[in-house]
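>>> Model the following, please.
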Amino acid sequence: MMRLALLLLAFLTFAPASLAQSDEEIKFNQKQAKELHGYAEDALKAGFPRIAKRVWLMLLSEYDPDFEKARKALGYERVGESWALNPTFVYPTEDNPDAKKASSLQKGWESLSKKVADAHRREAENYQKAGRTDMARKHFEKVIFFDAEDEDAQVFLNHKPVEGLTGTDLEQTLYERSKKIEKIVAEQARTDYQVEVLDESEKHPFLENAKVTYRSVRSEHFTVRGDFEVDLLVEAAKNMERAMRVMEVVAEGYTGFSPDPARWISDNSHFQDKDSYVQILKANADLMTAESLAFRIEHTRASALIQQGTALGIGAPLNEQGVYDSAVRSVAQSYSGLRTPALREGIGHTIVGMMFNNNRQFIVDRREQLRTTTGEEDIERFSPNMDTWKDLALEAAWKLSEGTPAANLPLITADKFPDDARIKSWSFVDYLVRRDPTLMHALDKLTDQRHPLKVESQFAEENDVTLAQLEKEWKDFWTEASPVLKAIKNNTPPLATVNKDVAKWLEAFNKERKERGVTEVTWSADYSGRCREHVQYLITNEEERGPDKLQGQNPELEGGSHLGHMFAQMALVSAPAPKKPKDLFNDWMHVPGYRDALINQSLRTIGLYYEDDVLVVDAIRGLGRAPEGKGGYAVYPSNTRDAIPTSIEISQLSSEVRRLFENAGHTDLEEVGYPISLHHFGNGGLPGNRDSYKCVIRVQGEEVEGLMHIADGGGNRRTSAPGMVVFYPLKPLRKGMEHEVVWTFEYERGTARTAIKFNT
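Numbering: from 1, shown residues only. Down below sits the predicted model:
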């Protein structure tokens, strides 16, 4: 009987709203839908399509799934009794940096929220008087969504104090666990670990079989090998130790985990290109079936080799960040004890996202998919940036009935893993980690049920909560349905990112790009939230200046956080910013990482916020496909007639580059030659082997001595950018002379060569 009741509850949760509603409830919902639609139309007309889209999605999810105007606004067409998305429809994404319209829209939302909250309150009170506590709860939950301070709703929903707010017992658990995990992540980011560089005689039999060149390092619990720089392998081992401590906190007090590293594959290797990865697989083909070998070669960039107690993780990360991602992911997945592909991917994405705010490794290699992707929404799904993934999770939550049900997760196989399932696997596991991580294991063990309905039934029999209830909780979490859930996310509202100066700086940024033959970019209020937060941090902490401090945040200072620090590393920052934008952007062209954003043809959309002489730009999230005929890599300088500077003060570069010179024995330099850069742009890493990149500069036949910086995966945007390599001459270039530059690198199709000339 209990099983039947739980299954009925699951059915009602996912059934179309009209099947479970009275005529009065339908009329009420349709009225609210009209109110919300009017606001969404206003938002679209005001130039804020993303805000309009979310209101329409909420309208369709919560009030009227057949609201025709909302459906058509989002590109749906009626097909019989159902709605289908027109595959050719393109929804606008460009926001309007008009402060007056943003202010008007904000006031409109406040007014609408009060009106809708009042309507829900009246309904809730009527249902309460009639003894329909089920419906009263539903409406009081909506009151809280639109009016967080409503005391009647707080009382009915049994709210209790939670960090200056009010919330349910579940929300208190979510808040406390979220903050506990955030704290350990921030602490571990600042914690160092001892790592030993092993002698070259330290070998691994699987790598010896493949006859590849590699080095090895070892920390307390892990061995890391590969052909990347030794310093990078050392940092990867440190991140594995950090990830283990994060997982200890995640698992504390819960069962089902595998906390002993001795039982994991604790020996991992990372190689710069997929050719090496394939070479290792083929050399150890006897460890797998022919079908497994073929699948790994064709579709993957990471896997494991195991034979009688000897094991090795192997991978071909795209870049430095990919190495760190892979290292942390292996710890999270091993510690979790999860078995099924979707849930293993989910915990990997979750812990990597918490530590780096990026995801760069996947079960199935997605680079070929990315090459054939054209739609902007599709390109967003390939972004490694977790802020973008959070936006997608929000939209997926509003479109719950159209996405991947949680009951499907244990049934997904590695070779059939669509992107909506990837977003769901990550966002659902992320939620369960905060709520009760043993529920991940409860779901993970149901892989033998073979059908989602059987998964739901078995899960309900074995647990005190149904998947239907967890789906609702997941939706509430990502749509920030209460003040406590909003506080966990602590997101800057998009309309708060617009002020009178944004339009001016956007125009200047585009003017600079246009003068250099680069396409103009659009502006996103969503992308500007982190920009505003970093501006506020720098205004509050005026002492945080200089090339390194500007590119980070100290979590111990007011307004600082680990997440803010990760964002700031790759932001473009100026404090104080010159009054004339032209002067600032001219200066930015001399700093290689900032230069990258000004000449990047793949950059479509930016986040930007300016206040009190502090400017912050997000040029990471809005990368897409370059316009026809303007793709490929670029070099700078590039056959320019304008004379460029001969040098740059080393104090204007990052500590990463200063260490590069110090490690090479150049400890007393005050300036170096003007940085010469090659840019692949995007998030796809460097094509070919990192060691193959060469830059030769000659003046009157004499070669210029310098150092190469593989700047693809660093932590300071001044000197690092996705897909960038920089050559730094050791001495200032000779003034008034023509310089000949030849760039070469090896990639899968052969040798790329670019020769240019410039004058100083």
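
>>> shouldn't Gln172 be in contact with Lys160?
Yes - Gln172 is within contact range of Lys160, at 6.7 Å (criterion: Cβ atoms under 8 Å). All C-beta spots, glycine's among them, are computed from the backbone N, C-alpha and C.

>>> Looking at the two, which has the bigger crowd around it?
More neighbours surround Gln172 than the other of Gln172 and Lys160, with 18 against 13 (other Cβ atoms under 10 Å).

>>> List the residues that contact the more buried one.
160, 162, 484 (Cβ atoms under 8 Å, 6 or more residues apart in numbering).

>>> my read: the last one touches Thr173, true?
No - assessed by Cβ under 8 Å, Val484 is found out of contact with Thr173, at 10.1 Å.

>>> Comparing those two, which residue is more hemmed in?
Comparing Val484 with Thr173 by other Cβ under 10 Å, the one with more neighbours is Val484, at 23 against 15.

>>> And that one, how far from Ser61?
The spacing between Val484 and Ser61, counted by Cβ to Cβ, to the nearest Å, is 21 Å.

>>> Just the ones of the contacts of Gln172 in strands?
160, 162 (DSSP state E).

>>> Now do the longest helix seen in the chain: which elements does it pack against?
In the chain, assigned by DSSP state H, the helix with the most residues is helix 99-129. Judged by 3 or more Cβ pairs under 8 Å, 6 or more residues apart in numbering; DSSP states H and E, helix 99-129 is in contact with helix 23-46, helix 133-146, helix 151-156.

>>> quick one, which of these is packed in tightest?
helix 133-146 (a mean of 20; mean count of other Cβ atoms under 10 Å).

>>> helices and strands around it, which ones?
Packed next to helix 133-146, using 3+ Cβ pairs under 8 Å, 6+ apart, are helix 99-129, helix 151-156.

>>> With mean pLDDT and distance to Gln321 added, can I get those helices in a markdown table?
Shown next, in a markdown table, are the helices and strands packed on helix 133-146 (pLDDT from 0 to 100; distance: least, Cβ to Cβ, whole Å):
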| stretch | mean pLDDT | distance to Gln321 |
| --- | --- | --- |
| helix 99-129 | 97 | 34 |
| helix 151-156 | 96 | 44 |
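
>>> Out of those helices, flag the one nearest Gly688.
helix 99-129 (45.3 Å; Cβ to Cβ).

>>> Report the angle between the closest one and helix 133-146.
Taking axes from the mean of the first three to the mean of the last three Cα atoms, to 10 degrees, one finds that helix 99-129 is oriented at 160 degrees with respect to helix 133-146.

>>> Enumerate every residue touching the residue lying closest to His349 once chain neighbours are set aside.
Sequence neighbours aside, Trp426 is the residue nearest to His349 in space, at 3.9 Å (criterion: Cβ to Cβ, 6 or more residues apart in numbering). Each residue near Trp426 by Cβ under 8 Å, 6+ apart is listed here: 345-346, 349-350, 353, 359, 389, 393.

>>> Do you know the pLDDT at Trp426?
What the model reports as pLDDT for Trp426 is 95.

>>> can you check Asp378 too?
For Asp378, the pLDDT comes out at 47.

>>> for Thr374, same thing?
For Thr374, the model assigns a pLDDT of 39.

>>> let's number from 44 now, not from 1
Right, with 44 as the first residue, what we last looked at is Thr417.

>>> roughly how far is stretch 359-367 from the heart of the chain?
Stretch 359-367 sits 15 Å away from the centroid of its parent chain (Cα atoms, centre = their mean, to the nearest Å).

>>> First-to-last residue distance for it?
The first and final residues of stretch 359-367 sit 12 Å from each other (Cα to Cα, to the nearest Å).

>>> and what of stretch 255-263?
Note: stretch 255-263 ends 25 Å apart using Cα to Cα.

>>> what's in contact with that stretch?
236-241, 243, 245, 247, 250, 266-270, 273, 276-277, 280-281, 283-284, 312, 314, 319, 322-323.

>>> Same list (the helices and strands packed on helix 176-189) but as JSON lines, adding distance to Val715.
What follows is the helices and strands packed on helix 176-189, written out as JSON lines (distance: least, Cβ to Cβ, whole Å):
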{"stretch": "helix 142-172", "distance to Val715": "42"}
{"stretch": "helix 194-199", "distance to Val715": "61"}
